[in-house]
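**Q** return a 3D structure for these sequence lines:
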Amino acid sequence: MRIDIHTHFLPPEWEDWTTKYGGDRWVRLEHLDACSANMMIKDRVFRRVTDQCWSPERRIEDMDALGIDIQMISPVPIMLAYWAEAEACQAFARMQNDYCAEVVAKHPTRFQGMATVPLQDTGLAIAELRRAADQLGLRAVEIGSFPAGRDLDSPELFPFFEACCDLGVSVFVHPADTIIGKERMGQYYLPNIAGNPLETALAITRFIFGGVMERLPALRICFAHGGGAFVYILGRVHHGWTIRDEPKEFIANPPIDYARKLYFDSLTHSPENLRYLIEALGHDKIVIGSDYPFAMGEADPVAFLETCDLEPAVIAAIEGTNALAFLGRDAG
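**A** Numbering: from 1, shown residues only. I've put the predicted structure just below:
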């Protein structure tokens, strides 16, 4: 079984949240024809998208062509809307979660879903997490790497991670906005190309140094894009922990011990990079991630694995077994 853990969806339509709640950063969908639309922010085109985002039938055609059995579908990161007033974001999250659950219910053998929650208010986020898990059957949640201006080791976020453990909900971390160095990334599509991997490396380092895994060892959490640049600074992270007192404040063991408990998707864009990630942290926490249906993703994640010179058993684990473990499910 091949499971793609990193794919994004949009509902086919939704209300104009600007009119309903105010604010000028809400995304709306402006359909051009049956198969394409513009994601609009005010009068600006944010991104042109196709029906791959909202048509399960179109997605299944692509999945069959690529040899993917199951997609985990999660919101397009800009739809997390952490900037918004919390109750408006909660309503926006509920709209997306309801559609996600509807797709999964109609095609239970082909899709699994990830919720989104309004993390600018931890209480509302936990309430929506519980609704998504208990009422909608969504067993994973996508969050940003710096949700509502909070790092992942923020004390305000810890009750949310506790709730994920209590509910058995897996967490998928995806950069929702490039914060680190943003003022220097105005050209060349740098916020996505360079900003996302740098942002994720910082998020993981804070997550480890902040002791979240130390306190919640049962938390199942996966980082997009192969963990970004994290694996390439891991040696320096370890060295800093060894010689300085500050990184030891909340963790008792070397950072690599916690890094090996994290999951990472395979979206590294390079066989050499994926092999290095596996060499550094092992293969048992690597899952397929394509970023479907967007161009910065991997167009054929199954074929990509075949180019990486990996043992068949390793490929089999990455294709399916590890994803089942991430979701808390038995491979049998």
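**Q** can we go C-alpha only for contacts and neighbour counts from here?
**A** Fine.
**Q** burial count for the spatially closest residue to residue 81 that is not a sequence neighbour?
**A** Nearest residue to residue 81 in three dimensions, chain neighbours excluded: residue 89, at 6.3 Å (CA to CA, 6 or more residues apart in numbering). Counted with other CA atoms under 10 Å, residues neighbouring residue 89 total 27.
**Q** what do you get for residue 14?
**A** 13.
**Q** OK, contacts around it?
**A** Contacts of residue 14 were listed using CA atoms under 8 Å, 6 or more residues apart in numbering, and they are 28, 29, 95.
**Q** grab the nearest non-local neighbour of the second one.
**A** Spelled out, that is residue 29. Per CA to CA, 6+ apart, closest to residue 29 is residue 39, 4.8 Å.
**Q** paired strands for the helix or strand in which that neighbour is found, with orientation please.
**A** Taking DSSP states H and E as the criterion, residue 39 maps to strand 36-41. Using DSSP bridges, the strands paired with strand 36-41 are strand 27-33 (antiparallel), strand 44-50 (antiparallel).
**Q** ends of stretch 107-121, what's the gap?
**A** Terminal residues of stretch 107-121 lie 32 Å apart, using CA to CA, to the nearest Å.
**Q** how far away is the residue of the chain most remote from its centre from residue 237?
**A** Here the chain reaches farthest from its C-alpha mean at residue 243, the gap being 32.6 Å by CA atoms, centre = their mean. For residue 243, the distance to residue 237 equals 10 Å [CA to CA].
**Q** re earlier: TSV please, covering the strands paired with strand 36-41 and showing mean pLDDT and mean neighbour count.
**A** As requested, these are exported to TSV (pLDDT from 0 to 100; neighbours: other CA atoms under 10 Å):
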stretch	mean pLDDT	mean neighbour count
strand 27-33	96	17
strand 44-50	96	15
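**Q** who wins for proximity to residue 250 among those?
**A** strand 27-33 (38.8 Å; CA to CA).
**Q** list of residues touching the closest one?
**A** For strand 27-33, the external contacting residues (CA under 8 Å, 6+ apart) are 12-17, 37-42, 78-79.
**Q** alpha carbons of the longest helix along the chain, as CSV, please.
**A** Determined from DSSP state H, the single longest helix within the chain is helix 86-106. C-alpha atoms of helix 86-106 as CSV (Å, rounded to 0.1, in the frame of the first residue of the first chain):
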residue,chain,number,x,y,z
ALA,A,86,-10.2,33.5,16.4
GLU,A,87,-13.9,32.9,16.0
ALA,A,88,-13.9,33.8,12.3
CYS,A,89,-10.9,31.4,11.8
GLN,A,90,-12.8,28.7,13.7
ALA,A,91,-15.7,29.0,11.3
PHE,A,92,-13.3,29.0,8.4
ALA,A,93,-11.7,25.8,9.8
ARG,A,94,-15.0,24.1,10.3
MET,A,95,-16.0,24.8,6.7
GLN,A,96,-12.8,23.2,5.5
ASN,A,97,-13.0,20.3,7.9
ASP,A,98,-16.6,19.5,7.0
TYR,A,99,-15.6,19.3,3.3
CYS,A,100,-12.5,17.2,4.1
ALA,A,101,-14.6,14.7,6.0
GLU,A,102,-17.2,14.6,3.2
VAL,A,103,-14.5,13.6,0.7
VAL,A,104,-13.2,10.9,3.0
ALA,A,105,-16.7,9.6,3.7
LYS,A,106,-17.4,9.3,0.0
